[in-house]
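1. Here is a sequence together with a model predicted from it:
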Amino acid sequence: MEKNVIINGNSLEELKKIRDNSIDLVFADPPYWMRVDGVLKRNNGIDYDGCSDDWDQFNTLEDYEIFTNKWLKECHRILKPNGSIWVIGSMQCIYTIGALMLKIGYWIINDVIWHKKNPTPNFKGTRLNNAHETLIWAVKSKNSKYTFHYKTAKELNRDSINEIEYLSGIRKQMGSIWRFPVCSGNERLKDINGNKLHSTQKPLELLERIIAISSNKEDIILDPFGGTMTTAVAAKKLGRNYIMIEQDSKYCQYGLERIKNTVYMDSSIANAAYDNKPAKVSMEEMILKKYFILGEMFYLKNGKEEARLCANGKLNYNGQILDMHTCAAIVKNSKADRLNGFDVWYVKRNNKLVAISNIREEYRKSLQTL
């Protein structure tokens, strides 16, 4: 299967050509079927240029459901067993899309609110200002072992903390309300006449977040409604592969140029470095490498002598040979059968208590330099 391509064609037909279980992540920004009648006027009397494109027109709800069901089924087929799909929509379509996804067999992980910092006002003042869109994050089945870079998401989370907290190293769980402005200024693609190229161009930061937290480098990202190719730009920037499907040749042309001007940015976010699990090491090998001394005493934080280290990495506690985690629970009178011994035990180095977790980190660092 060819990667890093723009396919100029109808998504319903082109999706059929992709083999089963081959895509790691799908991002879909489908037609919303906005159902805009007549001409809307801004407060200053100028026509509002909303989404009235031909590709967003459907005759009936049944027509829209048939179309949506077809592309969702194809995406379900081509997703890998542990793959994810993100679908974005407005109030006009997201409930229809969500219901169909459940019928097909998708398992929904989250719905996410994209809160627009600069939404289009409701010019007539007849309803609430529509200041958000909804994303559905789902996987192929309930049993999917999907990718989620939890710590990378925390690192990207700027919505729930202020700048001082962030610079101080404070990180909080990423929530399901994301705040981004709509595309404007230099980010908004223009045609040769200076008009906006696409009615529904999405912010690059939105796509970067989705791809960073729910895929890995070299994964294949597919977008069945490529538009201005924001998905491909974000994928390339983060070191992922992409397949874009777009039926409008004009969008393909502009999008291709945009992708050409994008370069991979090697970063901790792209590499999901925050989620890299440390090397697993054993007490036996650390004893062998002299990071721990056979027969030395293990202490609690208060300096109370408790247990002696054995050759197999276990501890001798009052004549009982126990693993350090079980021993920690007994010594601490815990209701749990085991505690993490690396959070409990200390040894003496130069007559000072040192956490054994710190010594383990020193050993891990030594492995990285080999």
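-> Perfect, I can see it now.
2. Let me see the ranges of the helices in the stretch 101-250 of the chain.
-> 150-156, 163-167, 204-214, 230-237, 249-260 (DSSP state H, counting those that start in this stretch).
3. quick one: average confidence on the shortest one?
-> Pointing back at helix 163-167 there. Helix 163-167 carries an average pLDDT of 76.
4. Could you give me the buried positions within it?
-> Buried positions in helix 163-167, judged by neighbour count with 16 or more other C-beta atoms under 10 Å: none. In short, each C-beta sits where N, CA and C put it, glycine included.
5. begin at 843 from here
-> Sure, I'll start numbering at 843, so the last one becomes helix 1005-1009.
6. So what touches that helix?
-> For helix 1005-1009, the external contacting residues (C-beta atoms under 8 Å, 6 or more residues apart in numbering) are residue 1000.
7. Now with 10 Å, please.
-> Residues outside helix 1005-1009 that contact it (C-beta atoms under 10 Å, 6 or more residues apart in numbering) are 997, 999, 1000, 1003, 1012, 1013, 1014.
8. how far does it sit from the chain's center?
-> Distance of helix 1005-1009 from the chain centroid (C-alpha atoms, centre = their mean, to the nearest Å) equals 22 Å.
9. where does residue 1168 land in three-state SS?
-> Following DSSP: H, G, I helix; E, B strand; the rest coil, residue 1168 is assigned to helix.
10. Would you check that it makes contact with residue 1162?
-> Yes: using C-beta atoms under 10 Å, residue 1168 is in contact with residue 1162, at 9.3 Å.
11. can you list residues touching both of the two?
-> Common neighbours of residue 1168 and residue 1162 (C-beta under 10 Å, 6+ apart) are residue 1156.
12. Settle it for me: which of these two has more neighbours?
-> Between residue 1168 and residue 1162, residue 1168 has the larger neighbour count (other C-beta atoms under 10 Å), namely 18 against 12.
13. which ones are touching the more buried one?
-> 1156, 1157, 1159, 1162, 1178, 1179, 1180, 1181, 1183.
14. Quick one: residues contacting the residue nearest to the last one when sequence neighbours are not counted.
-> I take that to be residue 1183. Using C-beta to C-beta, 6 or more residues apart in numbering and skipping residues adjacent in sequence, the residue nearest residue 1183 is residue 1166, 3.3 Å away. When contacts are counted by C-beta under 10 Å, 6+ apart, residue 1166 touches 1125, 1140, 1149, 1151, 1155-1157, 1159, 1180-1184, 1186-1187, 1198.
15. same deal with residue 920?
-> Residues in contact with residue 920 (C-beta under 10 Å, 6+ apart) are 843, 857-865, 868, 982, 1062, 1064, 1066, 1085.
16. for this structure, what spans make up the strands?
-> Along the chain, counting by DSSP state E, strands occupy 847-850, 865-870, 921-931, 949-958, 974-981, 1019-1022, 1062-1065, 1083-1088, 1139-1141, 1147-1151, 1157-1159, 1162-1164, 1188-1191, 1194-1197.
17. Quick check: the gap between the spatially most central residue of the chain and residue 1025.
-> Nearest to the geometric centre of the chain sits residue 1055, at 2.0 Å (C-alpha atoms, centre = their mean). Distance, residue 1055 to residue 1025, using C-beta to C-beta, to the nearest Å: 21 Å.
18. Phi, psi for residue 986 please.
-> The phi and psi values for residue 986, taken as degrees, to the nearest 10, are phi -60, psi 130.
19. Surely it touches residue 918?
-> No: contact criterion C-beta under 10 Å: residue 986 and residue 918 do not qualify, at 11.3 Å.
20. Would you mind listing the residues touching both of these two?
-> Shared contacts of residue 986 and residue 918, counting by C-beta under 10 Å, 6+ apart, come down to 925, 948, 980.
21. neighbour-wise, which of those residues leads?
-> residue 980 (27 neighbours).
22. Residue 926 bridge partners, please.
-> residue 867, residue 981 (DSSP bridges).
23. Around it, count how many other residues there are.
-> Residue 926: 26 neighbours (other C-beta under 10 Å).
24. So it sits against residue 982, correct?
-> Yes: at 8.3 Å, residue 926 and residue 982 qualify as touching, with contact defined as C-beta under 10 Å.
25. what sits in contact with each of the two?
-> With C-beta under 10 Å, 6+ apart, residue 926 and residue 982 have common neighbours 948, 988.
26. Look up how far residue 959 lies from residue 1026.
-> For residue 1026 relative to residue 959 (C-beta to C-beta), the value is 10 Å.
27. Show me the shaky parts of the stretch 943-1092 of the chain.
-> Along the stretch 943-1092 of the chain, segments meeting pLDDT under 70 span 965.
28. can you give me the offset of stretch 1053-1069 from its chain's centre?
-> The answer for stretch 1053-1069 is 10 Å, by C-alpha atoms, centre = their mean.
29. And that stretch, end to end?
-> Using C-alpha to C-alpha, to the nearest Å, the span of stretch 1053-1069 from its first residue to its last is 17 Å.
30. buried stuff in that stretch?
-> Quick answer for stretch 1053-1069 (16+ other C-beta under 10 Å): 1053-1058, 1061-1069.
31. what number of residues lie near the closest residue to residue 863 other than its chain neighbours?
-> The spatial neighbour of residue 863 that comes closest, neighbours along the chain excluded (C-beta to C-beta, 6+ apart), is residue 922 at 5.1 Å. For residue 922, the count of nearby residues is 18 (other C-beta under 10 Å).
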